[in-house]
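Visitor: Please work out how this folds:
(2 chains)
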2 protein chains.
Amino acid sequence: MTNITEQLQKLRLDYSKMKLSEADIDANPIKQFETWMTDAVNAQVNEPNAMVLSTVAHGKPSSRVVLLRGVADKHFKFFTNYHSKKAEHIEHNKNACLNFFWPELERQIRIEGELEKLNEAESDAYFKTRPRDSQIGAWASVQSAELKSREELEEKVIALTKKLEGAEIKRPPYWGGYALNANYIEFWQGRSNRLHDRIAYELKNNEWKKFRLYP
Amino acid sequence: MTNITEQLQKLRLDYSKMKLSEADIDANPIKQFETWMTDAVNAQVNEPNAMVLSTVAHGKPSSRVVLLRGVADKHFKFFTNYHSKKAEHIEHNKNACLNFFWPELERQIRIEGELEKLNEAESDAYFKTRPRDSQIGAWASVQSAELKSREELEEKVIALTKKLEGAEIKRPPYWGGYALNANYIEFWQGRSNRLHDRIAYELKNNEWKKFRLYP
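Guide: Below you'll find the predicted structure:
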């Protein structure tokens, strides 16, 4: 056994902080999501709105962390570059899933659904709230394209900063939001001896059907 | 804007802890992985070996947290129930990806490849290292099947514990390991103004080709 494998096999936490029961959970999974997200923010977990977004290209999954920026109805919103690899995947296959994991609370949320682009007004409004340097960054990055060197990127940023000095920075046409329209949401609470609580909701005929799963 | 959206839009961290440069990174991504994993363990990040595993079924991605239990060569190993939903997905489509996110270190690792089952001896050996109550849990759970109530599961565990008292607990035939055989590994270090460092490795003709990506 290699040294790293030994290290990995020694890591073992037994989850015992909380339970999740049918009596506690909201009939509406969006409300339940808001409760858990608020708990995560209040508990000051690291990056509570960081979620792993998975997409599919040519039958292969691909995942990366993005930041949740809004929830409306059953739509979960984030912003990105429409020329990125993930956007290319979404162009061909709208199916996606989101995964939140908050080890501090021994909680996980899994969301599945279809992605759609946000309208331009909503992307404009959000872009305006970003710090100026991040706005410039959005103009400087050709997301996921190969980059010769860090210096090339930094020189681009310096040149753009100079060029745009004093001017309002508009949203690049290739930058904007997506919303995942959820049809499956699962709440996972870690429990002792790997006997975790899992309660899932599936959208059927516009109604959320709730059920418990084996861990 | 709803209350939760307001909360989400207020969350903003600028990443400024570290850099990732071509000069620092190992030519072999597996060695680099071991370095970063060891850093994560030493920094006592929450659940350093927790990773989001994504699989695909009927063109739709699905993801959940699993724990990395070993690395050998370019194989990343974890254990699960072979009757679970994810095992069903893997049966039909071996493509998968792994995502590690360590917000404490502002780091992310993305790994893509194909899954294969570990041999029985390796699954047996690992099963033996699990705490007895987790071993019983593996016999009690019909993973991802619908469960009528928490009580039903707990009664099963009590009955099994009694039945197996004093006996060695064998690995259930439907429980064992997988290894993801990596062909793409990306190291992501958060940087200021979203101008993150991304260095990726692709396996081509049995050699790792390294390149930098736009953030």
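
Visitor: Now the phi/psi pair for the residue nearest the centre of chain A, please.
Guide: Central residue of chain A (CA atoms, centre = their mean): residue A:51, 3.1 Å from the mean position. Dihedral pair for residue A:51: phi -140, psi 150, per degrees, to the nearest 10.

Visitor: Which pLDDT value belongs to it?
Guide: In this model, residue A:51 is scored at 98, pLDDT.

Visitor: Provide a list of residues in contact with it.
Guide: Shown in contact with residue A:51 (CB atoms under 8 Å, 6 or more residues apart in numbering or on different chains): A:65, A:66, A:67, A:68, A:78, A:98, A:99, A:100. The way it works is simple: take the backbone N, C-alpha and C, and place the C-beta from them, glycine included.

Visitor: secondary structure element for residue A:124?
Guide: Element membership for residue A:124, per DSSP states H and E: helix A:120-129.

Visitor: what about the next helix or strand after that helix and chain B, touching?
Guide: Toward the C-terminus, helix A:120-129 is succeeded by helix A:132-140 as the next helix or strand (DSSP H and E). Yes - with CB under 8 Å from any CB of the partner chain as the criterion, chain B is reached by helix A:132-140 at A:133, A:134, A:136, A:137, A:138, A:140.

Visitor: Relative to residue A:191, which of the residues you listed is nearest.
Guide: For the residues of helix A:132-140 next to chain B, the residue nearest residue A:191 by CB to CB is residue A:134; the value is 39.7 Å.

Visitor: hmm, back to that, just the buried subset of the residues of helix A:132-140 next to chain B, please.
Guide: Using 16 or more other CB atoms under 10 Å in any protein chain shown as the burial test, these include A:134, A:136, A:137, A:138, A:140 as buried.

Visitor: what helix or strand is residue A:34 on?
Guide: helix A:29-42.

Visitor: helices or strands up against that helix?
Guide: On a contact count with 3 or more CB pairs under 8 Å, 6 or more residues apart in numbering or on different chains; DSSP states H and E, helix A:29-42 meets strand A:70-72, strand A:107-117, strand A:175-189, helix B:3-10.

Visitor: Run through who's touching stretch A:79-89.
Guide: Outside stretch A:79-89, the residues touching it (CB under 8 Å, 6+ apart) are A:53, A:55-57, A:62, A:64, A:66, A:69, A:117, A:123, A:126-127, A:138, A:141-144, A:174-178.

Visitor: For it, output the C-alpha coordinates as CSV.
Guide: What follows is stretch A:79-89, C-alpha atoms only, in CSV (Å, rounded to 0.1, in the frame of the first residue of the first chain):
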residue,chain,number,x,y,z
PHE,A,79,-23.1,33.0,-14.1
THR,A,80,-20.3,32.0,-16.4
ASN,A,81,-18.7,32.5,-19.8
TYR,A,82,-20.9,31.4,-22.7
HIS,A,83,-17.8,30.4,-24.6
SER,A,84,-16.6,28.1,-21.8
LYS,A,85,-16.4,24.3,-22.1
LYS,A,86,-19.4,23.9,-19.9
ALA,A,87,-21.4,26.2,-22.1
GLU,A,88,-20.4,24.2,-25.1
HIS,A,89,-21.7,21.1,-23.3
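
Visitor: So what's the gap between it and the chain middle?
Guide: 14 Å (CA atoms, centre = their mean, to the nearest Å).

Visitor: What's the mean pLDDT across that stretch?
Guide: For stretch A:79-89, the mean per-residue pLDDT is 97.

Visitor: For that stretch, buried residues please.
Guide: Of all the residues in stretch A:79-89, those buried under the rule 16+ other CB under 10 Å are A:79, A:80, A:81, A:82, A:83, A:84, A:85, A:86, A:87, A:89.

Visitor: Next: stretch A:61-73.
Guide: Within stretch A:61-73, the residues scored as buried using 16+ other CB under 10 Å are A:61, A:62, A:63, A:64, A:65, A:66, A:67, A:68, A:69, A:70, A:71.

Visitor: So which of those would count as near chain B as well?
Guide: Checking the buried residues of stretch A:61-73 against chain B (CB under 8 Å from any CB), the matches are A:61, A:62, A:63, A:64, A:65, A:67, A:68, A:69, A:70, A:71.

Visitor: low-confidence ranges in chain A?
Guide: The model of chain A has pLDDT under 70 over residues A:1.

Visitor: Residue A:37 is in contact with residue A:107, correct?
Guide: No - the pair formed by residue A:107 and residue A:37 falls short of the contact definition of CB atoms under 8 Å, at 10.3 Å.

Visitor: Looking only at neighbour counts, state which of those two leads.
Guide: Neighbours per residue (other CB atoms under 10 Å in any protein chain shown) separate residue A:107 from residue A:37, with residue A:107 holding more: 24 against 20.

Visitor: got the contact list for that one?
Guide: Residue A:107 makes contact with A:18, A:36, A:40, A:100, A:101, A:187, A:188, A:189, A:190, according to CB under 8 Å, 6+ apart.

Visitor: Recalculate using a threshold of 6 Å.
Guide: By CB atoms under 6 Å, 6 or more residues apart in numbering or on different chains, residue A:107 lies in contact with residue A:189.

Visitor: what about it, distance to residue B:207?
Guide: Distance from residue A:107 to residue B:207, counting by CB to CB, to the nearest Å: 41 Å.

Visitor: Show me what residue A:182 bridges to in the sheet.
Guide: With DSSP bridges as the criterion, residue A:182 is bridged to residue A:113.

Visitor: picking up where we left off before, which among the helices and strands packed on helix A:29-42 is found nearest to residue A:2?
Guide: Between residue A:2 and these, the shortest separation by CB to CB is 28.5 Å, and it involves strand A:107-117.
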